[in-house]
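S.K.: quick one, structure for this:
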Amino acid sequence: MRKVGAFSNQSGDSLGTALAGTSGELSTIACPFCGAGCSVALVDGEAFPLLGDPSARGALCQRGWSAGELLFSPLRLVGARLRERGGTAVAVSVDVALERSAARLADIRGRHGGASIGILASARLTLEELRLLGDLARTIGTPHLDSMQRLGCVPEPSRGLDAIDGASRLTVVATDLAVRHPQAYRRVLEALERDVPVRWVGSQETALARLATERIHCLPGREVETAAQAVRDDELVLWSSEPALHGQGGPALRRFGGSRVVRLGDYVNQRALLAAGAFPGADGWSAYEMLLRAAAGELKALLIFADDPFEFFPDLAARAFAALEFVLVGDAVATRTTEAADAVLPGALLAEKTGTLVAADDSRRMLEAAHSPPAGISEGDVALRLVTLLGGEAGGARTPAFALGPDGPAADEPTSAFPFVAALDASTLWCGHALVQATITARREAWGPRADFPDGWVSLCAADAKALGVRSGWTVRVESDGGAVQLAVRIDGRTAEGTVGIPMSCWERAGTVLGALALDPCLRIPVFRPRPVRLSRT
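M.R.: As a prediction, this is how the structure comes out:
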């Protein structure tokens, strides 16, 4: 039996023909991980690439191969629960959880006003669900709606991956395609085979840096200005979230705007956050600001839909949750955020939803549920029920335009006193992601460094490690003019001389001490500004 595919505009292909004689049930779903937009065939929960899919083209990355594992993950949430502060969570029906949550929210709104409540959205939601969150914000009376998964997302559409196939010249800025965006990497390798000139501009020793026709090395935080000096008008430029995460999102948008750009999204439905208005307006707080305001006692309640603030900012999230009066979380999988919540509602995976995905070029693709969620509800259902219980109506939210703010400061140059540059290593983006943790295949790949270095690490090249007299696993002191942090050394062939790679799991810890963690005023996202540092053995 062939069920309705996740992408209703996809027809059967050779894989479907090949599997037609098997006893397994075949369905087609959207890969729930990055922004490549691949379709995945599932046979009894096992994932396979679709030969006819324009994104996958018969191949999947490790995350894609693990997509089917999510349906049967032991981390799936299958019921609702409530707990009193300091107490133990108790299983309740979904109706009871919703009714009590609505009562708590009404009470907080009555005592502190609607603006005392914030909402965190997610790129794991459909466009329609995100719009329902806008309705919920309007019903509550809060301007605070955003997502931690808006990291690196810029308010301009992009060309699709197929633009790489027809490009006469290519420049890749900063991103490690082989690790971060394998489907784009495949296309760039095919371009090299066609003798298309490919330029690499960045600070890491990536696989593409070694294969590119031309390579331009620069310091972290200088990739945009360096690439802008080299790029010609007839080139296609590929970049992902690295410039934005280093605080250079505004300059990147100005230098690499227009139709000759492929901006590679980190998350599957990241563009829908912008299409639905799930971002802060002039009087609203960003996701990171909500955590700061909650920790300071200014925000009283937080509603979280498939987002996980503990992923990158566990210390701040813990302080925020401790100060909040009420936290509600709706999600398909268990996370540290669901463990700390006062009310937990089960959600659904993309494979279990009907709705719309927004691609990087702003085109729309329709999803049809290929499976049923175990609890029978989705995050959108939770939002709609809360709208009704709080006396609101769905369908009235409007989508504002995202307003760019001023650029943040440029990255600092190294000095004789601080000769190294510490920068965020975005290739570790997926290591702590909720969906990766709920799989076996993707988690095994992502968890390797964390297994070796459970307390965090810094990446150094072999030459710098030798000059310092340290080996892998030894501890070094990383010091800026703002403070110092001690972390284990991980010798990584992708790290260039003179640079120190900070994994995403140490973003908050190292960034706070080194003075690198900041809020970018342009995109209103947290960033790690590359910082000059010095290293010493401990």
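S.K.: could you find the closest non-adjacent residue to the residue nearest the centre of the chain?
M.R.: Centroid-nearest residue in the chain: residue 149, 4.4 Å away (criterion: Cα atoms, centre = their mean). The shortest distance from residue 149 to any non-neighbouring residue, by Cβ to Cβ, 6 or more residues apart in numbering, is to residue 123 (4.3 Å). For every residue, glycine as well, the C-beta is placed using N, CA and C.
S.K.: state the pLDDT value of the one you found.
M.R.: On the pLDDT scale, residue 123 is placed at 97.
S.K.: give the rounded mean pLDDT of the host helix or strand of residue 64.
M.R.: For residue 64, the enclosing helix or strand under DSSP states H and E is helix 62-65. Helix 62-65 shows a mean pLDDT of 94.
S.K.: which residues sit against the helix or strand following it?
M.R.: On the C-terminal side of helix 62-65, the closest following helix or strand by DSSP H and E is strand 80-82. Strand 80-82 is contacted from outside by 89-94, 96-98, 100-101, 342-346, 375, using Cβ atoms under 8 Å, 6 or more residues apart in numbering.
S.K.: packing partners for the longest helix along the chain?
M.R.: Secondary structure of the chain per DSSP state H: the longest helix is helix 94-112. Other helices and strands packing on helix 94-112, by 3 or more Cβ pairs under 8 Å, 6 or more residues apart in numbering; DSSP states H and E, are strand 80-82, strand 117-120, strand 301-305, strand 326-331, strand 343-346, helix 379-389.
S.K.: residue 415 is nearest to which of those?
M.R.: strand 117-120 (39.0 Å; Cβ to Cβ).
S.K.: for stretch 220-234, how far is the first residue from the last?
M.R.: Its first and final residues considered, stretch 220-234 spans 26 Å by Cα to Cα, to the nearest Å.
S.K.: if you average pLDDT over it, what comes out?
M.R.: Stretch 220-234 carries an average pLDDT of 94.
S.K.: thinking again about what came up before, show me what counts as buried in the longest helix of the chain.
M.R.: Going by neighbour count (16 or more other Cβ atoms under 10 Å), the buried part of helix 94-112 is 94, 97, 98, 100, 101, 102, 104, 105, 108, 109.
S.K.: am I right that the residue nearest to the centre of the chain is in contact with residue 122?
M.R.: Yes: applying Cβ atoms under 8 Å, one finds residue 149 in contact with residue 122, separated by 5.6 Å.
S.K.: mutual contacts of the two, please.
M.R.: In contact with both residue 149 and residue 122: residue 307, using Cβ under 8 Å, 6+ apart.
S.K.: what about residue 35, how many residues close to it?
M.R.: 29 (other Cβ atoms under 10 Å).
S.K.: show me the helices in the stretch 101-250 of the chain, by range?
M.R.: Secondary structure of the stretch 101-250 of the chain (DSSP state H, counting those that start in this stretch): helices at 127-140, 162-165, 177-180, 182-193, 207-211, 223-230, 242-245, 249-255.
S.K.: which strands and helices sit next to the first one?
M.R.: Helix 127-140 makes packing contacts with strand 117-120, strand 145-146, helix 270-275, strand 301-305, strand 355-358, helix 379-389 when contacts are defined by 3+ Cβ pairs under 8 Å, 6+ apart.
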